[in-house]
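Asker: Just a sequence and a predicted model for now, questions to come.
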Number of protein chains: 2
Amino acid sequence: MAIQYPNGKVYTPTKKTNIPKKKDYSFSNRGRTLEDEINDANEYYLAHEIAVIYKKPIPIQVVKVDYPSRSSAVIKEAYYRTPSTTDFNGVYKGKYIDFEAKETENKTSFPLKNVHLHQVEHMGKVVKQLGISFLLVRFSSMDRYFYLSYEHLKLFWDRMLSGGRKSITLEEFEEYGIEINPKYAPRVNYLKIVNDLYV
Amino acid sequence: MAIQYPNGKVYTPTKKTNIPKKKDYSFSNRGRTLEDEINDANEYYLAHEIAVIYKKPIPIQVVKVDYPSRSSAVIKEAYYRTPSTTDFNGVYKGKYIDFEAKETENKTSFPLKNVHLHQVEHMGKVVKQLGISFLLVRFSSMDRYFYLSYEHLKLFWDRMLSGGRKSITLEEFEEYGIEINPKYAPRVNYLKIVNDLYV
């Protein structure tokens, strides 16, 4: 399942990801969600002029709006809609970045039901347009983070479609993903991996 | 105010934009908003694998949600928030595209109050990251469309900040913008201009 990246590199996982690590609580996520952490990273990138990446607003279907005064509008009835794309997108060194971030409490595998078919399809279209697309997964109970390229995600997705397992195991993330070791600023520095693979 | 584009081209406006045109009603917008028309173009680009560009959802601050049943959620109180970025973004031939679309009923100029400071700032950050950013303006009463690069928009914005006029005249759009002549599919083919300037 080796994927060759556009810059000609083939990612070779380092063996150290398999060594059980002593937890460093000074870099703890302190109960923040993965989305919070990605937003933190994006604010850091924006402030340091490294990248311009935002979380898209949640799509909401507004049905009823009250206008108690000329200047304000209060939405009184609305519904969440299923997102047709991924959560985050933006630009880094001229390159289009588009990804989904998911966390699981599961300790041994990431259930693929956390990702929707239309999201995988969207990521495929992005890659076809020469954009960079990937999945970020946090195994929350172990505070471990992985970058998984769209190309690898697609292989596991197709395995599921052809009757195989409905999840990606932690061992598979260790082998085919790239682990992001939490640092200080930003804590989840996912663009370092994009930079290593594509720039 | 000549802007040199990354591919070395300098846009030279053709004189024909100054000739009053006979209106071709077969390509009429039939009361659709500019946003509708851009969405149509984006659907066309997506279906033909030309580009992956979406309108971002409107940001809404949800305050109160009811759960009448396990599977459904009804938002009972929410508020519109001011967008901190532009309306549309995506990827075209590997390039990051980020733009704002605005229409005016005004016949002689486009009031700059239709654009917000944080949007202009966002567009500047995008261009600094080597993304492509621009403003699409429709003079609705005349059914005329213009592409104005961020770089030109910024010049007019700065003119306003230094005490100059608070709008961009139609003549300035004819001189510094690029007119998009409505066609059949897609009607507002703005990527043709991006392609001419940047690809």
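Answerer: Structure's in. What do you need? These numbers come from a predicted model, not from an experiment.
Asker: Quick one: residues contacting A:Phe134.
Answerer: A:Phe99, A:Met123, A:Tyr147, A:Leu148, A:Ser149, A:Tyr150, A:Leu153, A:Val194 (CB atoms under 8 Å, 6 or more residues apart in numbering or on different chains). Quick note: C-beta positions are derived from backbone N, CA and C, even for glycine.
Asker: May I have the beta-bridge partners of it?
Answerer: Taking DSSP bridges as the rule, A:Phe134 bridges to A:Phe99, A:Ser149.
Asker: in chain A, what spans have low per-residue confidence?
Answerer: Within chain A, the ranges that satisfy pLDDT under 70 run A:1-30, A:70.
Asker: Mind putting the contacts of A:Phe134 into a markdown table with neighbour count?
Answerer: Shown next, in a markdown table, are these (neighbours: other CB atoms under 10 Å in any protein chain shown):
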| residue | neighbour count |
| --- | --- |
| A:Phe99 | 24 |
| A:Met123 | 28 |
| A:Tyr147 | 23 |
| A:Leu148 | 22 |
| A:Ser149 | 25 |
| A:Tyr150 | 24 |
| A:Leu153 | 24 |
| A:Val194 | 20 |
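Asker: just those now: which is nearest chain B?
Answerer: Distances from chain B to these, taken as CB to the nearest CB, are shortest for A:Met123 (9.8 Å).
Asker: What strand or helix carries the closest one?
Answerer: helix A:117-128 (DSSP states H and E).
Asker: For that helix, buried residues please.
Answerer: A:Gln119, A:Val120, A:His122, A:Met123, A:Gly124, A:Lys125, A:Val126, A:Val127 (16 or more other CB atoms under 10 Å in any protein chain shown).
Asker: Summarise which helices and strands the longest helix along chain A is packed against.
Answerer: Looking across chain A with DSSP state H, the single longest helix is helix A:34-47. The helices and strands touching helix A:34-47, judged by 3 or more CB pairs under 8 Å, 6 or more residues apart in numbering or on different chains; DSSP states H and E, are strand A:52-55, strand A:88-92, strand A:95-104, strand A:132-139, helix A:190-198.
Asker: got the angle for the fourth one vs strand A:88-92?
Answerer: Interaxial angle of strand A:132-139 relative to strand A:88-92 (axes from the mean of the first three to the mean of the last three CA atoms, to 10 degrees): 120 degrees.
Asker: Strand A:132-139 versus helix A:34-47: what angle between them?
Answerer: 130 degrees.
Asker: Dump the C-alpha coordinates for stretch A:88-99 into CSV.
Answerer: The C-alpha trace of stretch A:88-99 is given here as CSV (Å, rounded to 0.1, in the frame of the first residue of the first chain):
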residue,chain,number,x,y,z
PHE,A,88,-11.5,22.4,6.9
ASN,A,89,-10.0,24.0,3.8
GLY,A,90,-7.6,26.7,2.8
VAL,A,91,-4.3,27.6,1.2
TYR,A,92,-0.7,26.8,2.2
LYS,A,93,2.2,27.9,0.0
GLY,A,94,-0.2,28.2,-2.9
LYS,A,95,-1.5,24.7,-2.4
TYR,A,96,-5.1,23.9,-1.8
ILE,A,97,-5.6,22.0,1.5
ASP,A,98,-8.9,20.2,2.3
PHE,A,99,-9.3,17.8,5.2
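Asker: Can you list the buried residues in that stretch?
Answerer: Here stretch A:88-99 shows A:Phe88, A:Asn89, A:Gly90, A:Val91, A:Tyr92, A:Lys93, A:Lys95, A:Tyr96, A:Ile97, A:Asp98, A:Phe99 as buried, counting by 16+ other CB under 10 Å.
Asker: and chain A, which of its residues are near chain B?
Answerer: Proximity of chain A to chain B (CB under 8 Å from any CB of the partner chain) is limited to residues A:46, A:49, A:51-52, A:54, A:56-60, A:62, A:72-80, A:84-85, A:89-96, A:98, A:122, A:125-126, A:128-131.
Asker: Centre of the chain to the longest helix of chain A, how far?
Answerer: Per CA atoms, centre = their mean, to the nearest Å, the displacement of helix A:34-47 from the mean C-alpha position of its chain is 12 Å.
Asker: so that helix versus strand A:95-104, what angle?
Answerer: Using the same axes, to 10 degrees: helix A:34-47 against strand A:95-104 is 150 degrees.
Asker: What lies in contact with helix A:34-47?
Answerer: A:29, A:32, A:50-55, A:87-88, A:90, A:92, A:101-103, A:136, A:138, A:140, A:185-191, B:125.
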